[in-house]
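Peer 1: just a sequence and a predicted model for now, questions to come.
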2 protein chains.
Amino acid sequence: MASALLTDLYELTMVDAYLSEGLQDEAAFSLFVRRLPARRNYLVACGLEEALTYLETLRFSSEELAWLESLGRFSPRLLEWLEHFHFTGDVHAVPEGTPLFGEEPLLEVIAPLPEAQLVETYLINQVHLQTLAASKAARVVEAAQGRPVVDFGVRRMHGVDAGLKVARAAYVAGVSATSNLLAGQRYGIPVAGTMAHSYVQAHDDERSAFRAYARRFPETTLLVDTYDTLEGVRKVVELSRELGPEFQVRAVRLDSGDLVSLAHSARRLLDAAGLEHVHIFASGGLDEDEVARLLEHHAPIDAFGVGTAMGVSTDAPALDMAYKLVEYAGHGRLKLSPGKVLLPGRKQVFRQEADGMAPRDVLARHEEALPGRPLLRRVMRAGRRLEDASPSLAAIRAHAREERERLPPAVRRLEPVRPPYRVDVSPALNAAKEQVSSWLREAAHAP
Amino acid sequence: MASALLTDLYELTMVDAYLSEGLQDEAAFSLFVRRLPARRNYLVACGLEEALTYLETLRFSSEELAWLESLGRFSPRLLEWLEHFHFTGDVHAVPEGTPLFGEEPLLEVIAPLPEAQLVETYLINQVHLQTLAASKAARVVEAAQGRPVVDFGVRRMHGVDAGLKVARAAYVAGVSATSNLLAGQRYGIPVAGTMAHSYVQAHDDERSAFRAYARRFPETTLLVDTYDTLEGVRKVVELSRELGPEFQVRAVRLDSGDLVSLAHSARRLLDAAGLEHVHIFASGGLDEDEVARLLEHHAPIDAFGVGTAMGVSTDAPALDMAYKLVEYAGHGRLKLSPGKVLLPGRKQVFRQEADGMAPRDVLARHEEALPGRPLLRRVMRAGRRLEDASPSLAAIRAHAREERERLPPAVRRLEPVRPPYRVDVSPALNAAKEQVSSWLREAAHAP
């Protein structure tokens, strides 16, 4: 999917200037989320696999170079540099699936300044999307309390790439299956689906629609709310009588109306007919709050189909993610823009655990050795991915579950946790910040 | 970009069932938004070009067919049908760029039922994204009152495809340029960009950064807020003195802080130095409300860079868009799910104008001839796009502007308009709805 041109114009103009100025020393850029959205107690790091693939494969085609040249903005030096470009830097990163907090780096790129600058836009674009999606999906999975959640969101996700990557991120976060066939093919995620209203509508009556679908797909889920939900359930019961032992329908799907009351009534109708084994599947504009509300009201729902709210992260459709220069030519760098002050230098995050639970992180300088588990590790050296840097999707998903289980219970809840999960800045990092700040303030006001 | 597998599993299981039941009569599906988000007074229809390209080119590759077969869910009949699939239906649609309202079809697909069903997911995915993005961008453009708006959003748009398509939709809606090179290359949208904080940070001081960038790109925009905005502006002034007639910097960019006060102060500093021609460009977390607020406070800002809020449509990141069966085998179809009642049959929208303004629409049956301008027209016949169905992007953008100018001023404002733009349902369409409803209610309760 990745084209080398999926980038901001200014990345190329800056690289052009760096080259003409000879600014090619080693730079470190840090990719992190400044502040978490109000309704996120933690993030789930995701998208590293795509980031590494991009860094390994990014090349400019002759067609792309010709188009860039046609803009008349770039120097021959830049165009030649792009023609021979391949990424030669290192990457340190937190494994996908790891819960993370504000200011903590998801990844750090260490490379000659022009290379590290060039890759900014795409790295943010991909890591942002998957981290956004995994962080949202983790909430839905949490709300479902162990019941399967199926991703139904592809139709309203933002385009083809989001359709794929959000499905992957949701699976990492614990979603059980997706309706999206392309995600199934590309990533091996289990695919699942039921039927749409159009199928029922296309038949002269609901009964014949159910009969026909169950004939073709015996272990299917029947959508019962096209006309009247409980009448629909009654037709499923009638079908079970008609088919006898051949009736193997697994579930009914409720997609509208008062799902608490309808689920209770549907359960009673099914049980009264001896269909205790027929599950109730709920969908229709669900998000984590609605899933939690349904279960608080003891709605007898066995699984959830969640679409748009999870697919676009409706309540927080973007993260305040940045990719910032923190070190150049051996010196820590920062900026002082109001509300956007940076911590300088490369970093490490130490997760300090006790009794298997993680009550706090310490954000430290890269070279510090503090108590706790370091979360960032090297995943790429000199442009090549390290051997253990690409776990299977199943392993990433298991890691996400294990790591999530170590978070304090209040952090995993849907409501904002107060005080938030504790992230301390190490004394050494604080000192570095003060040092670079005062140096910069002096420089800024120097005559 | 489009893969035939970018679809929901149930589209294929339903097609499989349709084929096995011989349900291959003509169906009409309508793509529309049920209700507008609270903060949208109108939509801007967008995405038709991609929809038509998809319908013309959709094929299943042998690799995709093999994967589908490997799932063990589908009949040989389905797989064979998919192998030979190409779309043979008709499409009626509203031209891209047209303002539209709730329940009004963006497009209608008329095709044999399995074909019309199969294409649902991708059509929604693409038309949803672009209509969402154009509708949001139109608000930002409106707020800017004729000042250029540059799309800076690609890094936080949801993936590669969104990066492309949102840039296109924003351009349709009146945005002037994009930072996204790929969108520039693919669609010919003007590209624009400035510099990032990292560029300034990589230099030992801001002054040398500005000097170097202006040397390489004389007509550039200098980002002045890395350390202290007004000190940054002063350095631009100093650079102008240093360079004399060679100083051709076009603008300074403010990216943080109190933009009203900073813009006023920056303007004063620049004017006092005889740099009246140096523009002020503002960015940094802007949305339409903030743009409007800045201009209400008479901030002397000449152009805006708008990123995330426009790129993901933060306040309404999804539309309640549906693709619904409205007719099958010559009969109107609907559903009665609570809150989701459909109007049956194919439709036409008549925009009734007086004195060049459009005060109301009438939503009617397809075959009605009512006063007003019909918005839907045939764009595809028997799977082939009609000759005039693909205007240039420039023509679409001009059309969007003309049509927007015909809307009542209150509808174009940012605040929710009360009462909303008037959309009446024609008596004939209402009668059809009553007729189909009562037929369905009877059928639903029939023994």
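Peer 2: Cool, got the structure. Numbers count the residues shown, from 1 in each chain, chains lettered A, B, ... in the order given.
Peer 1: what ranges does the stretch 1-150 of chain A have for its helices?
Peer 2: Using DSSP state H, counting those that start in this stretch, the helices of the stretch 1-150 of chain A run over A:9-21, A:48-57, A:62-70, A:76-83, A:113-118, A:120-143.
Peer 1: okay, the ones you listed in JSON lines with mean pLDDT, distance to residue B:110 and mean neighbour count next?
Peer 2: Glycine gets a C-beta too; all of them are placed from N, C-alpha and C. Below are the helices of the stretch 1-150 of chain A laid out as JSON lines (pLDDT from 0 to 100; distance: least, CB to CB, whole Å; neighbours: other CB atoms under 10 Å in any protein chain shown):
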{"stretch": "helix A:9-21", "mean pLDDT": "97", "distance to residue B:110": "43", "mean neighbour count": "22"}
{"stretch": "helix A:48-57", "mean pLDDT": "98", "distance to residue B:110": "39", "mean neighbour count": "20"}
{"stretch": "helix A:62-70", "mean pLDDT": "97", "distance to residue B:110": "38", "mean neighbour count": "14"}
{"stretch": "helix A:76-83", "mean pLDDT": "98", "distance to residue B:110": "48", "mean neighbour count": "16"}
{"stretch": "helix A:113-118", "mean pLDDT": "98", "distance to residue B:110": "48", "mean neighbour count": "25"}
{"stretch": "helix A:120-143", "mean pLDDT": "98", "distance to residue B:110": "35", "mean neighbour count": "27"}
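Peer 1: can you put the ones you listed in CSV and add distance to chain B?
Peer 2: Shown next, in CSV, are the helices of the stretch 1-150 of chain A (distance: least, CB to the nearest CB, whole Å):
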stretch, distance to chain B
helix A:9-21, 3
helix A:48-57, 10
helix A:62-70, 5
helix A:76-83, 10
helix A:113-118, 6
helix A:120-143, 4
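Peer 1: reformat the ones you listed as JSON lines; add distance to residue B:36.
Peer 2: Converted to JSON lines, these look like this (distance: least, CB to CB, whole Å):
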{"stretch": "helix A:9-21", "distance to residue B:36": "34"}
{"stretch": "helix A:48-57", "distance to residue B:36": "34"}
{"stretch": "helix A:62-70", "distance to residue B:36": "38"}
{"stretch": "helix A:76-83", "distance to residue B:36": "44"}
{"stretch": "helix A:113-118", "distance to residue B:36": "41"}
{"stretch": "helix A:120-143", "distance to residue B:36": "24"}
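Peer 1: quick check: which ranges of the stretch 151-300 of chain A have low pLDDT?
Peer 2: Residues of the stretch 151-300 of chain A meeting the criterion pLDDT under 70: none.
Peer 1: mind redoing it with 90?
Peer 2: Residue ranges of the stretch 151-300 of chain A with pLDDT under 90: A:194, A:204, A:227.
Peer 1: strands of that one, start to end?
Peer 2: Secondary structure of the stretch 151-300 of chain A, counting by DSSP state E, counting those that start in this stretch: strands at A:177-178, A:221-223, A:251-254, A:279-282.
Peer 1: what's near enough to touch residue A:358?
Peer 2: With contact taken as CB atoms under 8 Å, 6 or more residues apart in numbering or on different chains, residue A:358 is in contact with A:351-352, A:406-408.
Peer 1: so is stretch A:160-170 next to chain B?
Peer 2: Yes - between stretch A:160-170 and chain B, judged by CB under 8 Å from any CB of the partner chain, the touching residues are A:160-166.
Peer 1: now that we have those residues, which one has the most neighbours?
Peer 2: residue A:166 (33 neighbours; other CB atoms under 10 Å in any protein chain shown).
Peer 1: from residue A:131, how far off is that residue?
Peer 2: According to CB to CB, to the nearest Å, residue A:166 and residue A:131 sit 11 Å apart.
Peer 1: can you list the weak-confidence ranges in the stretch 301-447 of chain A?
Peer 2: A:330-344, A:353-359, A:387-388, A:432-447.
Peer 1: now do the contacts for residue A:385.
Peer 2: Residue A:385 touches A:52, A:56, A:379, counting by CB under 8 Å, 6+ apart.
Peer 1: what does residue A:395 give?
Peer 2: Applying CB under 8 Å, 6+ apart, no residues contact residue A:395.
Peer 1: how near is the closest residue to residue A:98 other than its chain neighbours to chain B?
Peer 2: Closest residue in space to residue A:98, ignoring its immediate chain neighbours: residue A:45 at 4.8 Å, by CB to CB, 6 or more residues apart in numbering or on different chains. Applying CB to the nearest CB, to the nearest Å, the value for residue A:45 to chain B is 17 Å.
Peer 1: which residues touch residue A:45?
Peer 2: Going by CB under 8 Å, 6+ apart, residue A:45 touches A:93-100, A:106, A:131, A:134.
Peer 1: at 10 Å instead, please
Peer 2: Residues counted as contacts of residue A:45 (CB atoms under 10 Å, 6 or more residues apart in numbering or on different chains) are A:31, A:33, A:93-100, A:104-107, A:127, A:130-131, A:134-135, A:172, A:375, A:396, A:400, A:403.
Peer 1: just residue A:261 next, same as before
Peer 2: Residues in contact with residue A:261 (CB under 10 Å, 6+ apart) are A:229-230, A:297, A:299.
Peer 1: output those as TSV; include the columns distance to chain B and neighbour count.
Peer 2: As requested, those are exported to TSV (distance: CB to the nearest CB, whole Å; neighbours: other CB atoms under 10 Å in any protein chain shown):
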residue	distance to chain B	neighbour count
A:229	8	26
A:230	11	17
A:297	18	13
A:299	16	21
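Peer 1: okay, now the domains of chain A?
Peer 2: According to automatic domain parsing, chain A comprises the domains A:9-134+A:316-445, A:136-311.
Peer 1: looking at these, which is nearest to residue B:69?
Peer 2: domain A:136-311 (12.0 Å; CB to CB).
Peer 1: quick check: end-to-end length of the closest one?
Peer 2: Domain A:136-311 has an end-to-end distance of 9 Å (criterion: CA to CA, to the nearest Å).
Peer 1: re the thing from before, and the contacts of residue A:261, which two are furthest apart?
Peer 2: A:230 and A:297 (17.7 Å).
Peer 1: quick check: nearest residue in space to residue A:273, chain neighbours excluded?
Peer 2: residue A:237 is the one closest to residue A:273 (CB to CB, 6+ apart), at 4.3 Å.
Peer 1: for residue A:71, same thing?
Peer 2: residue B:191 (7.3 Å).
Peer 1: dig out what that neighbour forms beta bridges with.
Peer 2: Counting by DSSP bridges, residue B:191 is bridged to residue B:178.
Peer 1: what's the neighbour count on it?
Peer 2: Neighbour number of residue B:191 under other CB under 10 Å is 24.
Peer 1: then residue A:209?
Peer 2: Neighbours of residue A:209 under the rule other CB under 10 Å: 25.
Peer 1: that one reaches residue A:236, doesn't it?
Peer 2: No - judged on CB atoms under 10 Å, residue A:209 makes no contact with residue A:236 at a distance of 11.1 Å.
Peer 1: now whatever helix or strand residue A:325 lives in against helix A:120-143, angle please.
Peer 2: For residue A:325, the host element (DSSP states H and E) is strand A:321-328. Strand A:321-328 runs at 130 degrees relative to helix A:120-143, counting by axes from the mean of the first three to the mean of the last three CA atoms, to 10 degrees.
Peer 1: in the sheet, which strands lie alongside the helix or strand just after strand A:321-328, parallel or antiparallel?
Peer 2: Following strand A:321-328 in sequence order, the next helix or strand is strand A:331-332 (DSSP H and E). Paired strands of strand A:331-332, with direction, are strand A:321-328 (antiparallel) (DSSP bridges).
Peer 1: so which of the contacts of residue A:45 are in strands?
Peer 2: A:31, A:33, A:93, A:99-100, A:105-107 (DSSP state E).
Peer 1: what's the farthest-apart pair in these?
Peer 2: A:31 and A:99, at 16.3 Å, using CB to CB across the ones in strands among the contacts of residue A:45.
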